[in-house]
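Enquirer: Provided below are the primary sequence and the corresponding predicted coordinates.
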Amino acid sequence: MKIVRIKADDDIVYGVADAEGVLVYKGTPFFVWEPTEIVVPWSKATLLAPVLPTKVVCVGKNYEDHADEMGGKVPEEPLIFLKPSTSVIGPDTNVVYPRQSQEVHHEAELAVVIGRPARNVKAEDAGSYIFGYTAANDVTARDLQRKDGQWARAKGFDTFCPLGPFIETELDPTERLAVICRVNGEVRQAGFTSDMVFGVAEIIEYVSAFTTLLPGDVLLTGTPSGVGPVQPGDLMEVEVDGIGTLANRVVAAA
């Protein structure tokens, strides 16, 4: 099932996507989820970020080849950082290149959407807490990441967490799912979810041991090698097998 969040006329609603359009549901996928008889055709629907998380929890250096290109080793435990909820945007929304940075990078990732409150979850039970998966771009001001020595500012600018285009509820990340990033049509990153050092279940166990994950919260699972700079005017496309393509253009700050 492909869950979307759309703007139709002046309303923002959730629904289920198919070839013809979006079957609108009452409520959200996490609370009061009831189908209506309303179908919004694609010509009248604007895709938004498929979820509005209270927090985005991310894993750094979770692909060995990416850890190597960053000049480091894979950590013994998941390396966790946060992106603020205000960094989240949807498909076809512009990523703003901040004035404070001279080196902004793309990072294609598989994202996990949590379906119910999760605290002290064991890895073997993690699947029952997952609502679905979407694509993400962990946009990063790399020069500020080096300068600050920690990642809050470099990862946290408004518009630095594109998500979408929808949430796929039927996906198995332990399979060899391709994670690809293209910039202006050129492939920059091409990895597979099966190459993650820490799998989704392990990440959920680790993260839920120190913070409660709420319905709609998002976990970013790390990026494969090939990260690199973008400039205003560039079109970034993140594609994940079974999910589709998340496209966002880079623009200069006004």
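Expert: Done, it's in.
Enquirer: what's the burial count for the closest residue to Val16 other than its chain neighbours?
Expert: Counting by C-beta to C-beta, 6 or more residues apart in numbering, Val16 lies nearest to Leu23, which is 4.8 Å off, once chain neighbours are set aside. (C-beta placed from N, C-alpha, C; glycine too.) Counted with other C-beta atoms under 10 Å, the neighbours of Leu23 add up to 16.
Enquirer: what's the answer for Cys161, then?
Expert: Cys161 is surrounded by 28 other residues when neighbours are defined as other C-beta under 10 Å.
Enquirer: report pLDDT for it.
Expert: pLDDT, the model's per-residue confidence, is 99 for Cys161.
Enquirer: thought it was touching Val56?
Expert: Yes: counting by C-beta atoms under 8 Å, Val56 is a contact partner of Cys161 at 5.7 Å.
Enquirer: which neighbours do those two have in common?
Expert: Taking C-beta atoms under 8 Å, 6 or more residues apart in numbering as the contact rule, Cys161 and Val56 both touch Lys83, Ser87, Val88, Leu220.
Enquirer: list phi and psi for the first one.
Expert: Main-chain torsions, Lys83, degrees, to the nearest 10: phi -120, psi 140.
Enquirer: just to revisit the earlier point, out of the shared contacts of Cys161 and Val56, which comes closest to Asp234?
Expert: Comparing those against Asp234 with C-beta to C-beta places Ser87 closest, at 18.5 Å.
Enquirer: so what's that closest one up against?
Expert: With C-beta under 8 Å, 6+ apart as the criterion, the residues that contact Ser87 are Val56, Lys155, Gly156, Phe157, Asp158, Thr159, Phe160, Cys161.
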